[in-house]
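Asker: Next come a sequence and a model predicted from it.
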Amino acid sequence: MTNQERPSFFKDFLQLTKFKLSLSVVFSSLIAYVLGAETVDFKTLGLLFLGGYFMVGASNAYNQIIERDLDKKMNRTKHRPLPSGRISKEIAFVIATIFALSGIAMLYTINEKSALFGAISIFLYVSAYTPLKTITPLSIFVGALPGAIPFMLGWVAATNHFGIEAGMLFLIQFIWQFPHFWALAWFLDEDYKKAGFHLLPTGKKDKASLRQIVLYSVMLIIVSIIPVFGHTGALKLTIFGALIIALLGFGVLHFALKLKKDKTNKTAKQLMLASVSYLTLMQLMLLVDKFLLQ
C-alpha cells in the first residue's frame, strides 16, 4: 500500500468503531424513542444518538482488539487498522474505553435504566459473544442479545420503563438477527473458517442450517405482527400496518426459501440485503402506523 493509498487516522478511527454499522444500529434506538415518547425531546434524542453511537462504537473497537490476530487471517478484515498495524492495540483500547464511558454517561443523563442496558450490551458483546465465536455456533444466539438491546433502548429512554412494549421491540430485533447473520455467515463461510469461526447453525453449509434460516424467517413474520392483537400495551399496530410488515417479512422468507433451494452465495447475499431492507422499512412502518393510521 503506497502512502497515497494509506488511509488517514480519521478513516481508521471510523473503521475501528464501524461508523456506518453503528449509525444503522442507533437508527433503531431513535425510531423506538419516537414510538415511545409522548412528546419528542430533542435534547434527549441527541443524547440517545450520541450515547448509542459511543456504546456501539466501543463494542466494535473492543471486539477488534480481541480479534486482531484472527482478523489477519480473513480477506475481509486483514486490512482493518489493528491487524494492519496502522493503529496499536493500546490506542484502540483508549478509544474504546473513552467511547464506553462517554456512551454510558450520556445514557445515564437520560435515565438510569438506559445506562444499565447500554452497559449490559457492551459487556455481553465483548465478554460473551466475541470469545464464543471460535467455540460454538451458539455464539450467534448470545450475540443477538446485545444486538437486540438498541431497539428496546429507545423505548426505555422515552419512558424510563421496561415493560411489554420494550420487550416486544427486543424480541423483534432478536429474531431478525438470525436470518440476517446466518445469510452473512453463509456467503462468508470460507473466510470465517480461516479464523476458526463457525457461525452457521450447525457450523457448516448443510440442509439443517438452511432449515434454521427458513424457520427463523417465518418466526420473524409472526413476532413482528404480534402488536396487532392488542396485548402489547402502548405499542400498537393496525391491521393495515401489520399487513404491510407481514409482506415485508414474506420478502425475507422468499430469499430464505430460495437459498434453501439453490444454496448459492449470491442468494445468501440477496437474503442479507433483504433482511437489512426489512428492518429499516419495518421500523419506519411502525412510525407511519402510529402517527398516520392509529
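Answerer: That came through, no problem.
Asker: didn't I65 look like it was pressed against E90?
Answerer: No. Contact between I65 and E90 fails when scored by C-beta atoms under 8 Å: they sit 9.5 Å apart. Backbone N, C-alpha and C define where each C-beta goes, glycine included.
Asker: neighbour count winner among the two?
Answerer: The neighbour count for I65 versus E90, taken as other C-beta atoms under 10 Å, is higher for I65 (20 against 9).
Asker: Sticking with that one, tell me its helix or strand.
Answerer: For I65, the host element (DSSP states H and E) is helix 42-66.
Asker: Over to G203?
Answerer: Here G203 is assigned to no helix or strand, by DSSP H and E.
Asker: For the residue lying closest to M272 once chain neighbours are set aside, give its distance to M168.
Answerer: Using C-beta to C-beta, 6 or more residues apart in numbering and skipping the chain neighbours, the partner closest in space to M272 is A183 (4.0 Å). Taking C-beta to C-beta, to the nearest Å as the criterion, A183 is separated from M168 by 24 Å.
Asker: And the two? Which one has more around it.
Answerer: A183 (28 against 21).
Asker: Pull the contacting residues for that one.
Answerer: 213, 255, 259, 268-269, 271-272, 275 (C-beta atoms under 8 Å, 6 or more residues apart in numbering).
Asker: And those residues, which of them are buried?
Answerer: Buried members of those, counted by 16 or more other C-beta atoms under 10 Å: 213, 255, 259, 268-269, 271-272, 275.
Asker: what comes up buried for stretch 65-81?
Answerer: Residues of stretch 65-81 classed as buried: 65-68, 70-74, 77, 80-81 (neighbour count, 16+ other C-beta under 10 Å).
Asker: Next, format those as CSV and append secondary structure and distance to F49.
Answerer: Below are the buried residues of stretch 65-81 laid out as CSV (DSSP: H, G, I helix; E, B strand; the rest coil; distance: C-beta to C-beta, whole Å):
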residue, secondary structure, distance to F49
I65, helix, 25
I66, helix, 27
E67, coil, 27
R68, helix, 29
L70, helix, 31
D71, helix, 28
K72, coil, 33
K73, coil, 35
M74, coil, 31
T77, coil, 27
R80, coil, 25
P81, coil, 24
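Asker: Out of the helices and strands in this protein, which is least certain?
Answerer: Using mean pLDDT, DSSP states H and E, helix 9-16 stands out as the lowest-scoring helix or strand of the chain, at a mean of 93.
Asker: what's it packed up against?
Answerer: Judged by 3 or more C-beta pairs under 8 Å, 6 or more residues apart in numbering; DSSP states H and E, helix 9-16 is in contact with helix 42-66, helix 89-110.
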